[in-house]
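In: The following block contains a protein sequence and its predicted model.
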Amino acid sequence: MSDGNDAVYAILVIYFFVILCSSVLSFWMNNSTTTLRLGPLSVVGDRVNNLTQSYLGAGTGLGFLVFFFTMCSSLFSGYTVSGIPAEAYGRGWIAIRWILAGVPIYGAFLLLTPRLHALGKSRGYLSIIEFIFDRYAVSSSPAVPHALRLISLFCLQLPVFTYLITQFTGIGAEIPVYTKGEITGLGALLTAAIILCFLSILGGLRGVAYTDVIQGIALVVGSFVFFCVQHVNLGGMGMVARVTRSAEFAEADPAKFASFNTVPRESGGWSLASLASFVLKVTIAATMFPHLVQRLFVAKNTTVIRVGFSTMNATFFFVQFASMISGWVAAAYFVETPPPNAIFASVAGVVRDANTTGQFASALMMSAAVCAFMSTADSCMIAFGTMWLKDFFLPYVSPGASQQTQVVFAKTMGIIGLAVGVLLGVQSILATPPWNLSNLFSLQAATPIHVAPSVWLGLHWRGLRGEAVLAGMLLGLGTTLGMAFDPSYNVKLKFGLEENAEGWAPSLIGCAVNVATTIIIGLALEASPSLLPVSSALPAFSRPLDIAAEFGEKLGSEASPLFWGVFAVLFALMIPFYRAEDFGKQDEYVGEVPSWVFTSLFICGLLTIWIAIGYAYFWRDYTLARVPSPYPVHPDDVNRQDSGDVPAHKTKSVGMSEVSEAPPAPVAPAPPQQFPPYPAMMPMGAPMMTPGIYPQMGMVPPAGGPHMGSPMPYGYPVGY
């Protein structure tokens, strides 16, 4: 091996060794309660009684350091070091849209997280779809919550697979360019997939989160080092401002010259409308991304989330901005000889070839790029397995599955998701040219954005009915898909994008239809419930959730009009709509960037500070009673219930009187026996079990109350 690549190979070998050790340590912690002494360090096992919670929920939860870096690493995907530099190279300053869209995501989470986290701790949620099913369980028909669950499951597959494709496409494109062909794209992709498979199977969510700490630190440090080296070796932002404003640059590429020197146009492609549309849809849709929401449920406590979100918000200005500079530097450096598709690797290669310091710095940044690719891919694997376990396998295939079976199923689905991602990634890197990562990332918000109204409104509006949410979701999805696949409306369909001639995304228009429909029908049903009378039958295995009973009649401080009023003003000002007289015209520079870029980033910085203030002063803690799982206990799991579970005879039913405090007579566990297969699908709303069937199936019957499917929603005394 030659060409100055020894440094990156050495760093990558160390990195892979460390994450493998982390996986082994996570496996030990998931299965032990003893203390492991490693010289001066002591590691305490974190096994909980419930095997599923140990594997998918990181045991007792994630502490601050792990939560901080796992959220950062999962959000800063491989796109940050592959797609963003390419976009900055080709589209100029408008690439800052990624920072403008990223910062508000944490503000949006403030509206959701206090209540979602409390419900997660109370009910053992690991998937946002579990909340949706329980929230709208009381409807005119049990079919309504079932339909919402299955449609939401469909909608949330897109971000998982687009994330996986972008990770594998990025690693398959960047590594061969940087190593000058010493490592092929296919070899890099398959090596990453094998390591990810090992990591996910062995360590579960804890293993993923622990490696995210390593990967997050490498990404932040690598970004800072590369920022400095680009400035020293390639001239940095000063060189970009000088070259991109020159007559030679204008003559060489007039379109790129305009993207670096003019205020965006009012409408059309890469315009002000396109910028606003992108920022809005990403802010809304990202709050539904499964791998991000799962971390809200498994954070150890609210302090971890509050401190984590209020500080990690600023990381966009370090990590993503450094990646953008790579693209801008490439645009100024490669004027005569355009680089290949891997812009980031091309710039890193120039730095590597400059001197020994450049070799180390570029090797560190390429290793950080690999970290970014790996961190998001492993998170998506876990989230994919979790969704299919919690939202399909348990409710529809095997409600009485043992915890061991649940873990095996989640691992299997994670591997299947990884395999599909690898196949699509291979197709991408073998295509000519490779698939555009900007297009892929833009598409991933198209379907999850339609899950958002059910959660955003459902968490705070007590009277919202499932029928209204279902109608809004169906109409919104229909609008989005109809517009997105209509070439006469979606003018960028042939590029794999969704955008009309004015620059607005069909998914955002569809979301507006979704919200409007949900609110109109919701208000109508709230005013006249007799329009669709509530059914006395509950969907099988539901735990009806009354928002007002849990959180009170009034809105919490997280929905403060003061906070959201200031948030909305700053959010709007990030988009330079106030420059109407200058749209499409050459802009003046402030320092080394155009004035519209400086102003938008400055206001985004103010929004970052305001969001941190929001987590400090507008957050509200909620403490909810523990609610048992709705599923029956498998005989193998009788002794694996968490001590924190509330016995079923003390569980309050929504809208029902409290059950007698006297506990029922203890039921002796059935002896272990062959567990017969459960029917693949049950009629929606039909009783899933009759009391006499439990002994026949080797299950422990409910501690009290009727079986699920009856009007009385008592639950089962099961751990999480």
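Out: Yep, it's here.
In: Give me the mean pLDDT for the longest helix along the chain.
Out: In the chain, assigned by DSSP state H, the helix with the most residues is helix 185-234. Averaging pLDDT along helix 185-234 yields 83.
In: If you count contacts, what does the helix or strand following that helix end up packed against?
Out: Under the assignment DSSP states H and E, the closest C-terminal helix or strand after helix 185-234 is helix 236-244. Other helices and strands packing on helix 236-244, by 3 or more CB pairs under 8 Å, 6 or more residues apart in numbering; DSSP states H and E, are helix 185-234, helix 254-261, helix 319-333. (Each C-beta comes from the backbone N, C-alpha and C, glycine too.)
In: Swap in 7 Å and give it another go.
Out: Applying 3 or more CB pairs under 7 Å, 6 or more residues apart in numbering; DSSP states H and E, one finds that helix 236-244 contacts helix 254-261, helix 319-333.
In: Single out the most deeply packed of those.
Out: With neighbours defined by mean count of other CB atoms under 10 Å, none of the helices and strands packed on helix 236-244 is more surrounded on average than helix 319-333, at a mean of 25.
In: Render the CA-only coordinates of that helix in CSV, please.
Out: Extracted in CSV, the C-alpha atoms of helix 319-333 (Å, rounded to 0.1, in the frame of the first residue of the first chain):
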residue,chain,number,x,y,z
VAL,A,319,-19.6,19.5,11.8
GLN,A,320,-21.9,20.4,8.8
PHE,A,321,-20.3,23.8,8.2
ALA,A,322,-16.8,22.2,8.0
SER,A,323,-18.2,19.8,5.4
MET,A,324,-19.7,22.6,3.4
ILE,A,325,-16.3,24.4,3.4
SER,A,326,-14.9,21.2,1.7
GLY,A,327,-17.4,21.6,-1.1
TRP,A,328,-16.8,25.4,-1.5
VAL,A,329,-13.0,24.9,-1.4
ALA,A,330,-13.4,22.2,-4.1
ALA,A,331,-15.4,24.6,-6.3
ALA,A,332,-12.6,27.2,-6.1
TYR,A,333,-9.7,24.7,-6.3
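In: Specify the angle between that helix and helix 236-244 in degrees.
Out: 40 degrees (axes from the mean of the first three to the mean of the last three CA atoms, to 10 degrees).
In: Give me the mean pLDDT for helix 319-333.
Out: The predicted model gives helix 319-333 an average pLDDT of 89.
In: Of the helices and strands packed on helix 236-244, which is nearest Leu56?
Out: Across the helices and strands packed on helix 236-244, Leu56 has its closest neighbour in helix 319-333 (27.5 Å, CB to CB).
In: returning to that earlier point: let me know the angle separating the longest helix of the chain from helix 319-333.
Out: Between helix 185-234 and helix 319-333, the angle formed by their directions is 80 degrees, by the same axes, to 10 degrees.
In: And helix 185-234, what does it pack against?
Out: Counting contacts by 3+ CB pairs under 7 Å, 6+ apart, helix 185-234 is packed against helix 6-30, helix 51-56, helix 64-75, helix 157-178, helix 319-333, helix 343-354, helix 356-388, helix 403-430.
In: Is it possible to get TSV of the ones you listed that adds distance to Leu477?
Out: Supplementary listing: the helices and strands packed on helix 185-234 in TSV, determined by distance: least, CB to CB, whole Å:
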stretch	distance to Leu477
helix 6-30	38
helix 51-56	28
helix 64-75	25
helix 157-178	11
helix 319-333	30
helix 343-354	35
helix 356-388	18
helix 403-430	22
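In: Strands of the stretch 551-700 of the chain, residue ranges please.
Out: 589-590, 593-594 (DSSP state E, counting those that start in this stretch).
In: what lines up beside the last one in the sheet?
Out: Note on strand 593-594: by DSSP bridges, its sheet partners are strand 589-590 (antiparallel).
In: Give me the contact list for the partner strand.
Out: Counting contacts by CB atoms under 7 Å, 6 or more residues apart in numbering, the residues outside strand 589-590 that touch it are Ala241, Ser595, Phe598.
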